[in-house]
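this one's sequence-less:
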């Protein structure tokens, strides 16, 4: 019986495979970043101890370290949970929900705790009373509400049952190339209501999902958070 000799992989093909592996590694390394949630300002969407994956190419490809956009990929959308450089100290990464686009008129009434965009109140539906766990237990008793942003996006927010220390509403017009962001934990978030809008150049990326949660006050690993999409 004649046996055909099996030849090894060619040098050219081996080089091509290695090049693909290196390029793939570099893309994954620079496009996706991991962050850990240290506070409850984005509850109930993100919990203390969540480890999240962020796509840093969501809003364009930038030169590493220079923050110069070289490829336009996509535009921030209302409802995105975004990571950005804190305007008052760009060395600190912050995370909030984007609710206001350039040119929007944003109003927030501290008495009713209602958000309005372009003179239209944002629809809210009361779900019930929130029960927190672990490090988020202090939020137990807050109102759990579904908020419906213009464009069809919806998400959960927490509103304190206590009366706000503020009594007057306030309004903002979002400047060109800037965005208005809020925390989902509305009474426990320092956001655009306090320090203003986020310049487009400060955006780092869009939060994709939770890949792990570890909270000592909740027994360690919370496997139910694994793969939670944002």
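Structure received. Worth saying up front: this structure is predicted, and the values here are computed from it rather than measured.

ok, and what's touching the longest strand seen in the chain?
In the chain, taking DSSP state E as the definition, the longest strand is strand 203-215. The contact list for strand 203-215 (CB atoms under 8 Å, 6 or more residues apart in numbering) reads 32-34, 46-59, 76, 80-85, 93, 95, 134-135, 179, 220-222, 225-230. Yep, even glycine has a C-beta here, placed from its N, CA and C like the rest.

what's the next helix or strand after it in contact with?
For strand 203-215, the following helix or strand on the C-terminal side (DSSP states H and E) is strand 220-221. Residues from elsewhere that reach strand 220-221 (CB under 8 Å, 6+ apart): 212, 213, 214.

Partner strands of strand 220-221 and their direction?
Strands adjacent to strand 220-221 in the sheet, as given by DSSP bridges, are strand 203-215 (antiparallel).

For the partner strand, buried residues please.
Neighbour-count burial for strand 203-215 flags 203, 204, 205, 206, 207, 210, 212, 213, 214, 215 (criterion: 16 or more other CB atoms under 10 Å).

Repeat that for stretch 146-159.
Buried-residue list, stretch 146-159, by 16+ other CB under 10 Å: 147, 149, 155, 157, 158, 159.

One more: stretch 181-194?
181, 182, 183, 184, 185, 186, 187, 188, 189, 191, 192, 193.

May I have the phi/psi pair for residue 130?
Dihedral pair for residue 130: phi -80, psi 140, per degrees, to the nearest 10.

Just list the residues touching it, thanks.
44, 139, 140, 141, 142, 143, 144, 158.

Distance-wise, check it relative to residue 137.
In this view, residue 130 and residue 137 are 10 Å apart by CB to CB, to the nearest Å.

Many thanks, we can stop here.
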